[in-house]
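In: sharing a model prediction with you, sequence too.
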Amino acid sequence: MSEVSRYQPQAIEGSWQQLWQAAELDATPDGASDLETDGAGTSPESFYALSMFPYPSGNLHMGHVRNYVITDVVARVQRMRGKQVLHPMGWDAFGLPAENAAIERGVDPGVWTDRNIAAMRDQLRQLGLSIDWDRELATCHSDYYRWTQWLFLQFLDAGLAYQKEATVNWDPVDQTVLANEQVDSEGRSWRSGALVQKRQLRQWFLRITAYADQLLDDLPKLTGWPERVRTMQANWIGRSKGAELHFSVVDASGESSGERITVFTTRPDTIYGASYVVLAPEHPLVAQLTSNDHQLQVEAFCDIVSSQSEQERTAEDKPKRGVPLGSLVRNPASGELLPIWIADYVLSEYGTGAVMGVPAHDQRDFIFARQYELPVKQVIIPEGSDEHAYEGGAWTEAGVLIHSAEFNGLKSGEAKLAITQAAERGGWGQGRVQYRLRDWLISRQRYWGCPIPVIHCPSCGVVPVPTAQLPVELPNAGAFSGKGGSPLAQQQQWLNVACPACGEPAQRETDTMDTFMCSSWYYLRYSDPHNTELPFDRQKVDRWLPVDQYVGGIEHAILHLLYSRFFTKVLRDRGLLSFDEPFTRLLTQGMVQGITYKNPATGKYIAPSDVKDADDPRDPVSGEILETFYEKMSKSKYNGVDPSQVIDRYGADTARMFILFKAPPEKDLEWDDADVEGQFRFLQRIWRLVDAAIARGLNLNNLVDPKAPVDSQAIRAAELSPSERQLRRAVHTAIQEVSEDLSGDYQFNTAVSELMKLSNAMVETMADVSAPVATEALHILLLLLAPFAPHLAEELWLKLGGRRADQPLSQSSIHRQRWPQLDPAALVRDTIPLVIQVKGKVRGNLEVPADADAATLEQLALASEVAIKWLEGKPPSRVIVVPGKLVNLVP
């Protein structure tokens, strides 16, 4: 490889990848570090760098590239800092796309998935990622989902897994359950086109609400997480303090019927303003409380609502719709009779499925009341203000109570407590903490998922599959159509088994698990991926966990990250883990956006390759001017960039450098071919720089001790020329800045910028400096470059003689070298630039001694060519000196 005469990434990258793989360069250390211990013989620290694992769609996209390159730089830097690093990869491989592919293409979903995994693994290898592939896992393989089932049984044993009735999307034509993403915007099945119905099925849940307080209260501990993510999780958990209040249902004569409706409210101080009670259409009392003359209207409304998603029903911009039931309840505080309604914006899954309508003090209730001409009763006014007028909407802030009997005059905070206490004394309510978080529904009526390891016995009920019989493997799928209920229910030989407890005929559970079950613990399995006795060994998981740096998209801020935290806490309480949180630091990288062209008249997207003039973009058919903007890369918008095409043209190192340089990691990145070309030119410049050094006869192996590649002590003691001091200052400034950018809050873009500054300084000064100083600069440039452009750095390290002939690649690779150390003395400046101002305007600058006092700076400034030119021989009336920065001459 060293004979390559110019930078040709295609000629070196594949070769180095093969050599790294053969040398097991990225293997996770199990014992002593490959790098030396410190003088005291202390074992090095461990570091766990992890990217969120991908779904194996078969094609890598630029979002993947950004995620995995970021994590790879972190892993490489930590290795060079002397830490033992775990950097694994796997596949979130169960899920609906593979099942749909099996239905549409007549292939086994396992075969389809494994083929995609192989293709994506090859694509990832092309990026030069330092992944330990020996720890690779796929959630669809039985050696993994065996332990997903084992963990489910842990939840079941702890009383955290249970079954109850829940609503699903039902396709009446195909007779099957649909996922939300299989229902189009019009409420129709994506396959049959039938209007989707809502049905109740008995399904499995995990009791995540039992950990709601811990999940919320531990968020402040996650100081290495973005505040945005912590806020999103806090809002999702949604802890609210309030009261449950009981409204008695009355009959036609106004007497209590014995039934009551319980509502939850965070504003018990507004109960005297309630003008109606509204139930979710699915509330179990709806049929019982509907009068005969309202029955047809109520049934028709419930049918309409049953086809709507939760998002549609609760959207802020949607009208609030409802119908009355024809029944009444009594307000427990005022004794007033109120009508009972049902409305689409009330959900059965949240709270009690019933709310008290207080239009004067809740905007949603206000809109509903105005639409249906229901009374608006004001019971709160702002402190020191007259009564609020309602033309603009509800008064939702705190205030002072009015029209509220003995509670008049109390402030809202005081009234909440007083009314709750009155409710508890009177037996018509009690204080309660309510959560937005609901228990986790894990049942899926599909084939391609992890089977739930329970058996249903007519005599014994739900019986766990004995752990010795795990895994419960998926049966051979054969060809299935996606019609007629759960695919597993149609596999009679697999379905019918003997009860493990009594031996009588029984049946397996035919639901499979939500794929989030598999991704909620995979980070634990990487610590011990080949264990056949347990999901992980406690000693090994304690060594590596929690994950030091986790990298993934903001779209996973709630579900995946919340479920992983839940899993960790449950397994801790089961004695399987010793830590509370799975991920110490979290980086949520921004999206990669592509240039997008859209015809505003037709709504049609146009491929960039069809746009002849980017400065005047027009529809190639109609000639109409196109809208131009950046948007997340998508096949449907023709704005994607195939990573393999970029790698084929420019090489993986250029793709990596662009991804890292273009934007801070947490910000969205706008793809720009010109900037990609710019990074390629930068790498070419480094190649030429090294070639020039070789032509000069510089060689790292000949000039340096292998343990200390540059004799910095000798350099410091020598008499250095101004050019040598300038270059050493640039070199050690780069060490300082890049090291800081790669610690804590990662700023890869500014780190690459520092590498560019260093290369520019080297181009300017290398010809004028001694061999030791030039060698130090080359050595440190390559070390700093190595995490970013690993192939190029390795190749140039070889060309410069950095590898010792008597050492294997596992020791002599540039990626096995220590991170360069800063020499603070090199940063000390003998001279500094002094800005010369005349009348406050910058007119030039002057190099002056760094230790010059104010009087000396004034003399030097007055004698400068700048002063002579702008003062025109006249003495200044005033001189303002700011030592170390500027001199301002005032005529």
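Out: That came in fine, so what should we check first? Please read all numbers here as calculations on a predicted model, not as lab measurements. Residues are numbered from 1 along each chain as shown.

In: what does residue 732 show for phi and psi?
Out: phi -80, psi -20 (degrees, to the nearest 10).

In: hmm, residue 821 and it touching each other?
Out: No - with contact defined as CB atoms under 8 Å, residue 732 and residue 821 do not form a contacting pair (9.3 Å). In short, each C-beta sits where N, CA and C put it, glycine included.

In: pick out whichever of these two has more residues nearby.
Out: Set residue 732 next to residue 821 and count neighbours by other CB atoms under 10 Å: residue 732 wins out with 23 against 11.

In: mind listing what residue 90 touches?
Out: The contact partners of residue 90, taken as CB atoms under 8 Å, 6 or more residues apart in numbering, are 53, 135, 136, 137, 138, 139, 522, 526.

In: quick one: which of those residues is nearest residue 158?
Out: residue 522 (20.7 Å; CB to CB).

In: next up, phi/psi of the closest one, please.
Out: Here residue 522 shows phi and psi, under degrees, to the nearest 10, equal to phi -60, psi -30.

In: let me see the contact set for it.
Out: 53, 90, 92, 137, 139, 144.

In: what of residue 23?
Out: By CB under 8 Å, 6+ apart, the contact list for residue 23 reads 808, 809, 810, 813.

In: what of residue 142?
Out: Residue 142 touches 471, 473, counting by CB under 8 Å, 6+ apart.

In: now swap in residue 727 and tell me
Out: 761, 762, 765, 766, 769, 773, 774, 777.

In: rerun at 10 Å
Out: By CB atoms under 10 Å, 6 or more residues apart in numbering, the contact list for residue 727 reads 720-721, 758, 761-762, 764-766, 768-770, 773-774, 776-777, 826.

In: same check, this time on residue 25
Out: 16, 19, 34, 79, 130, 132, 790, 794, 808-811, 813, 815-816.

In: point out the ones among those residues that are inside helices.
Out: Applying DSSP state H to those, the entries found in helices are 16, 19, 79, 790, 794, 809, 810, 811.

In: what is the nearest of these to residue 539?
Out: Out of the ones in helices among the contacts of residue 25, the member with the shortest distance to residue 539 (by CB to CB) is residue 79, at 22.6 Å.

In: pretty sure the closest one sits against residue 130.
Out: Yes - counting by CB atoms under 10 Å, residue 79 touches residue 130, with 7.5 Å between them.

In: what about those two, which has more around it?
Out: The neighbour count for residue 79 versus residue 130, taken as other CB under 10 Å, is higher for residue 79 (29 against 19).

In: show me the contacts of residue 727 that map onto helices.
Out: Short answer: those in helices (DSSP H) are 758, 761, 762, 764, 765, 773, 774, 776, 777.

In: contacts only, for the residue lying closest to the third one once chain neighbours are set aside.
Out: So that's residue 762. Once flanking residues are discounted, residue 762 sits nearest to residue 777: 5.4 Å by CB to CB, 6 or more residues apart in numbering. Going by CB under 10 Å, 6+ apart, residue 777 touches 689, 693, 698, 710, 724, 727-728, 730-732, 734, 758-759, 761-762, 765-766, 769.

In: pLDDT and distance to residue 872 added to the ones in helices among the contacts of residue 25, as TSV?
Out: What follows is the ones in helices among the contacts of residue 25, written out as TSV (pLDDT from 0 to 100; distance: CB to CB, whole Å):
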residue	pLDDT	distance to residue 872
16	96	64
19	95	69
79	97	62
790	98	59
794	97	60
809	92	68
810	89	70
811	90	68
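
In: wait, doesn't residue 643 sit right on residue 652?
Out: Yes - look at residue 643 against residue 652 with CB under 10 Å: they come within range, at 8.9 Å.

In: what about residue 535, how many neighbours?
Out: Neighbours of residue 535 using other CB under 10 Å come to 21.

In: tell me which helix or strand it sits in.
Out: Per DSSP states H and E: residue 535 is located in neither a helix nor a strand.

In: distance of it relative to residue 528?
Out: With distances taken as CB to CB, to the nearest Å, residue 535 is found 8 Å from residue 528.

In: now the common contact residues for these two.
Out: With CB under 10 Å, 6+ apart as the test, residue 535 and residue 528 both reach residue 541.

In: about what we covered before: which among the contacts of residue 777 end up buried?
Out: The neighbour count (16 or more other CB atoms under 10 Å) marks 689, 693, 698, 710, 724, 727-728, 730-732, 734, 758-759, 761-762, 765-766, 769 as buried among the contacts of residue 777.

In: circling back: buried subset of the ones in helices among the contacts of residue 25, written for ChimeraX?
Out: Buried residues among the ones in helices among the contacts of residue 25 (16+ other CB under 10 Å), as a ChimeraX selection:
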select :16,79,790,794,809,811
